[in-house]
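In: Quick one: sequence and predicted model below, then my questions.
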Amino acid sequence: MVHLLAIAGRLGIDLVLDDFDEIGSGVPLLVNLQPAGRFLMDDYIAREILVVLKEVKDLLDSTALTVTGKPLLTTLRTHRSGQEVIHVRESR
C-alpha cells in the first residue's frame with residue numbers, strides 16, 4: 001500500500017488509505033491463502049488468477065485490454081467445482 005500511495009503521489013493522483021478500504025469493502029474474499037488462509041500463494045495463484053477474476057468479473061472494467069490486445073473478460077476460465085482454495089462467490 002505504501003508503494004502504491006507513493007507512486008500515485010508522484011503521478012499527482014489523489015490516493016489515500018481510505019480509498020483502498022472503500023473499494024475493497026465491496027470485493028468478496030474468495031481465496032483461501034496465507035497469512036489468514038490455509039494455502040501458500042506460490043502454489044495456486046499463478047495458475048488460478050483467471051478463475052478468481054471470473055468470480056468478480058462484474059466488478060472489473062469490461063473494456064480493459066490484456067497484453068495480448070484482447071479484453072480481459074474474454075480470457076477468464078470457469079470455476080472448477082470442489083476447489084478448496086478459490087471459493088464460488090455466493091451473491092452478485
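Out: Structure received. Numbering: from 1, shown residues only.

In: Go ahead and flag the most central residue of this structure.
Out: Leu53 (5.9 Å; C-alpha atoms, centre = their mean).

In: Now do the SS call for it.
Out: helix (DSSP: H, G, I helix; E, B strand; the rest coil).

In: Let me see the ranges of the helices in the protein.
Out: 2-10, 17-24, 41-55 (DSSP state H).

In: Can you show me the CA trace of the second one as CSV?
Out: Put plainly, it is helix 17-24. The C-alpha trace of helix 17-24 is given here as CSV (Å, rounded to 0.1, in the frame of the first residue of the first chain):
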residue,chain,number,x,y,z
LEU,A,17,-5.5,4.5,2.5
ASP,A,18,-9.2,5.1,3.0
ASP,A,19,-9.7,4.7,-0.8
PHE,A,20,-8.4,1.1,-0.6
ASP,A,21,-10.8,0.4,2.3
GLU,A,22,-13.8,1.9,0.4
ILE,A,23,-13.1,0.0,-2.8
GLY,A,24,-12.1,-3.2,-1.1
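
In: coming back round to it: how much space between the residue nearest to the centre of the chain and Leu76?
Out: Here the criterion is C-beta to C-beta, to the nearest Å. By it, Leu53 lies 5 Å from Leu76. For the C-beta atoms, the positions are set from N, CA and C on the backbone; glycine is no exception.

In: The residue nearest to the centre of the chain contacts Leu60, correct?
Out: Yes. Taking contacts as C-beta atoms under 8 Å, Leu53 lies within contact range of Leu60: 6.7 Å.

In: Pull up the overlap in contacts between those two.
Out: Leu72 (C-beta atoms under 8 Å, 6 or more residues apart in numbering).

In: Let me know the pLDDT of Gly82.
Out: pLDDT for Gly82: 45.

In: no, scratch that, I was asking about Ala46
Out: Looking at Ala46, its pLDDT reads 58.

In: what number of residues lie near the nearest residue to Gln34 once chain neighbours are set aside?
Out: With C-beta to C-beta, 6 or more residues apart in numbering as the criterion, Gln34 has its nearest non-adjacent residue at 5.9 Å, and that residue is Leu40. Applying other C-beta atoms under 10 Å, we find 11 residues neighbouring Leu40.
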